[in-house]
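Visitor: kindly return the folded structure for what I paste below:
(chains A and B)
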Number of protein chains: 2
Amino acid sequence: MHAMKPHLTLHNQTPIPPSAGARRVVTLPGKFGMRLGGELQDVQVAYESWGQLNAAKDNVLLLFTGLSPSAHAASSGEDPSTGWWEEMLGPGKAIDTHKFHVICVNSLGSCYGSTGPASSDPRSGKPYGPAFPKLTIEDVAAAAHALLASLGIPRVRVCMGPSMGGMSALAYTLMFPDGVDVLVSISSATHSEPFSIAVRALQRELIRSDGAWAGGHYAAGEGPREGMRLARKLGMISYRSAKEWSERFGRERAKDAGIDAFGIEFEIESYLESRAQSFVGAFDPNSYLYLSRAMDLFDVAEHGGSDEKAFKRLHIKQALIIGVETDILFPLHQQQALADALKRAGVDAGFEALASRQGHDSFLVDMERFRPAIGEFLATL
Amino acid sequence: MHAMKPHLTLHNQTPIPPSAGARRVVTLPGKFGMRLGGELQDVQVAYESWGQLNAAKDNVLLLFTGLSPSAHAASSGEDPSTGWWEEMLGPGKAIDTHKFHVICVNSLGSCYGSTGPASSDPRSGKPYGPAFPKLTIEDVAAAAHALLASLGIPRVRVCMGPSMGGMSALAYTLMFPDGVDVLVSISSATHSEPFSIAVRALQRELIRSDGAWAGGHYAAGEGPREGMRLARKLGMISYRSAKEWSERFGRERAKDAGIDAFGIEFEIESYLESRAQSFVGAFDPNSYLYLSRAMDLFDVAEHGGSDEKAFKRLHIKQALIIGVETDILFPLHQQQALADALKRAGVDAGFEALASRQGHDSFLVDMERFRPAIGEFLATL
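Guide: Numbers count the residues shown, from 1 in each chain, chains lettered A, B, ... in the order given. I've put the predicted structure just below:
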């Protein structure tokens, strides 16, 4: 299976990631039923892995991603390009690939190798587009579980994820209570609060309001580029923090300021523009809509009537919950509540509140705080 | 002058406020030079007033508004319709019109009677539109000062404003140091931080991205309705607070949920939609762009090299600075910094941090906290 060639099913303007050399794709033959109805056929799940699976198969660290990254969390011999968590994951690093066999999964519904709206439906030979069934975080977890089953891995030592990936890790742990030893949830939550739903709903509306979205039926190479650009700007406003920006940009004027009365004037505007431009074309708009909505819908309480009752079903030995003080999208009180609910359910749950200034995105950039928080915990396992 | 009929110069889709019966409009004959260049001809300034001007003319409370309200802050015999600060202003209320002669000014650049982009340029007979000169908060203050001069009022007892109105009040106090006794600044700041600039820049981009904006040259009854609707949603996200929404909406589903996969699902989405719909058509999009940008540009430090140096020029006797813990657009530390800078400059400045949960909008809704904070201070004057 590891020798299987990456099966590229990308459509539309979504570029193939710079190098897909380390990516593996497993096909799950037959029907894949979705939690809220509908089914997919011959689902593909893309992943990358690092480190060796030991003989007992008990050193697997399953890593879920946030909404937009691919499975390329770190470089490897097969793919030397920088991964999205390059400084965190590797030999001797916080997520030590000498110790763990790390498997990072591309989420179902994404556009980096796993089946998503841009993939061809094997039954029609055409992209699913908006006919892709309603997606939930539980479907993402179920696809990852099926991947691991196909790889002959019945249980993971650590199930981990940041942001949406933390929700996927929670869902996996709830759905497969005998399949996880230790949970690590980073800047995530048991459910979405109205503020984050409002931000994501508006992002989705910006994409859908772009005429080029065409109800999701855009053609290859086309699609809502302007909507994606605007949605990414709103995303950045929610991903970082006012504190970081005040310290970093203050009232600095942009080099390209003053061209017109309403154009870019301040450096913060220039920064958002460049971040937004680099995102356009790098992610399938329909994938964005499906995954964004899945985050809104996720709610641990649906697995038992309340968070605590849901967590009483868990068999995990330990959990580590990490959050950041400046996060406005997944605010710190949500990580505190997650840790508290786990403790009330009898789980040995640690809680780390980090003073990072970069908001929700801190886990990607504040390595000085996140490396020790994650590394020291994993070293105890 | 008080008998002058309101001179309606509204164009485009901007509706005339429900009743303009109490509105007065003063024309300032000749040229009105703008701070960053350009000039207007025969500027009109709309206002409403309550209470009696005393013989000494020393009981005037000058009230500036936030970005979008008109001068109709409260009802009166001439206009019984509810004003935007109805519960705050009136006989025996916190802003007591038995004591003060209150004058609320419609900001220059707005669309409720004062000259703005939707007004006709007397030189051409056509609306200014995007040819309206670049607007600053100082221009808003200068127009208000010219209004008071035309009314024969040389000095105000209290200069007050919330949000953008707080900036206008600060500008007025800095520009006319002998014209103000007491400053009251509510949920405002000496300058805009990058987070609020980012939010407003994206709002403006949403308006400008709507093809119907047409570079600002939209025709009467047309214009960027969709852009205004989306910009208002983003505005609401920044005006309220995550805490309020979590308590108020939680994960409540909308009545109209589930019509399509990406449409409204949660009550928070339904709330934003209804708030946005009611704003569309009620405010001129070009006015919005000009006033929004003016807030970004405002910086007290430009009046002296630093906030403290600027404030050393003031002759005010007292100031009250009020802020709200949950405000993310004008965060509390900005009001603290404003009060501190005033104190360092020798002003007797009080600072009130209110625990309101409704974020930046609290001054409009949390009357239980705002009425005593404002009323008890004004009663001491």
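Visitor: which residues of the stretch 201-350 of chain A fall in helices?
Guide: Assigned by DSSP state H, counting those that start in this stretch, the helices in the stretch 201-350 of chain A fall at A:225-239, A:242-248, A:267-279, A:285-297, A:307-311, A:332-344.
Visitor: ok, and what's touching the first one?
Guide: Outside of helix A:225-239, the residues within contact range by Cβ atoms under 8 Å, 6 or more residues apart in numbering or on different chains are A:13, A:196, A:199, A:202-204, A:206-210, A:212-213, A:272-273, A:275-277, A:279-281, A:283, A:285, A:288, A:328-329, A:359-361, B:195, B:198-199, B:202, B:205-206, B:209, B:234. Placement of C-beta: from N, CA and C, glycine included.
Visitor: just the buried subset of these, written out for ChimeraX, thanks.
Guide: Those of the contacts of helix A:225-239 that count as buried under 16 or more other Cβ atoms under 10 Å in any protein chain shown are selected in ChimeraX with:
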select /A:13,196,199,202,203,204,206,207,208,209,210,212,213,272,273,275,276,279,280,281,283,285,288,328,329,359,360,361 /B:195,198,199,202,205,206,209,234
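Visitor: how does chain A divide up, domain by domain?
Guide: What automatic domain parsing lists as the domains of chain A is A:24-190+A:298-379, A:196-290.
Visitor: the first one: how far from the chain's middle?
Guide: When distances are taken as Cα atoms, centre = their mean, to the nearest Å, domain A:24-190+A:298-379 is centred 7 Å away from the chain's centroid.
Visitor: right, is that domain up against chain B?
Guide: Yes - Domain A:24-190+A:298-379 comes into contact with chain B (Cβ under 8 Å from any Cβ of the partner chain), by way of A:130, A:134, A:299, A:328, A:331.
Visitor: and the two most separated of these?
Guide: Pairwise distances among the residues of domain A:24-190+A:298-379 next to chain B were taken by Cβ to Cβ; the largest, 32.2 Å, belongs to A:130 and A:331.
Visitor: distance of the residue most central in space within chain A from chain B?
Guide: In chain A, the centroid-proximal residue (Cα atoms, centre = their mean) is residue A:66; its distance is 1.7 Å. Per Cβ to the nearest Cβ, to the nearest Å, residue A:66 is found 20 Å from chain B.
Visitor: nearest to chain B, of the residues of domain A:24-190+A:298-379 next to chain B?
Guide: Within the residues of domain A:24-190+A:298-379 next to chain B, the smallest distance to chain B is 5.5 Å, found for residue A:134 (Cβ to the nearest Cβ).
Visitor: what's around that closest one, how many residues?
Guide: If you count neighbours by other Cβ atoms under 10 Å in any protein chain shown, residue A:134 ends up with 17.
Visitor: tell me which residues touch it, please.
Guide: By Cβ under 8 Å, 6+ apart, the neighbours of residue A:134 are A:34, A:36-38, A:290, A:293, B:261.
Visitor: who wins for neighbours among those residues?
Guide: residue A:290 leads the contacts of residue A:134 on contacts (other Cβ under 10 Å) with 28 neighbours.
Visitor: for residue A:206, which residues are in contact?
Guide: Residues counted as contacts of residue A:206 (Cβ under 8 Å, 6+ apart) are A:227, A:230-231, A:234, B:206, B:230.
Visitor: is it possible to get a markdown table of those that adds pLDDT?
Guide: Shown next, in a markdown table, are these (pLDDT from 0 to 100):
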| residue | pLDDT |
| --- | --- |
| A:227 | 97 |
| A:230 | 98 |
| A:231 | 98 |
| A:234 | 98 |
| B:206 | 97 |
| B:230 | 98 |
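Visitor: which intervals of the stretch 1-150 of chain A have sub-threshold pLDDT?
Guide: Within the stretch 1-150 of chain A, the segments meeting pLDDT under 70 span A:1-20.
Visitor: quick one, strands of it?
Guide: A:24-33, A:39-50, A:60-64, A:89-90, A:95-96, A:101-105, A:120-121, A:126-127 (DSSP state E, counting those that start in this stretch).
Visitor: quick revisit: so which of residue A:130 and residue A:331 has more stuff around it?
Guide: Neighbours per residue (other Cβ under 10 Å) separate residue A:130 from residue A:331, with residue A:331 holding more: 24 against 18.
Visitor: these two touch, right, that one and residue B:242?
Guide: Yes - counting by Cβ atoms under 8 Å, residue B:242 is a contact partner of residue A:331 at 6.6 Å.
Visitor: now the domains of chain A in JSON lines, with distance to residue B:321?
Guide: Shown next, in JSON lines, are those (distance: least, Cβ to Cβ, whole Å):
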{"stretch": "domain A:24-190+A:298-379", "distance to residue B:321": "24"}
{"stretch": "domain A:196-290", "distance to residue B:321": "19"}
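Visitor: so for residue B:375, which of the ones you listed sits nearest?
Guide: Across the domains of chain A, residue B:375 has its closest neighbour in domain A:196-290 (31.1 Å, Cβ to Cβ).
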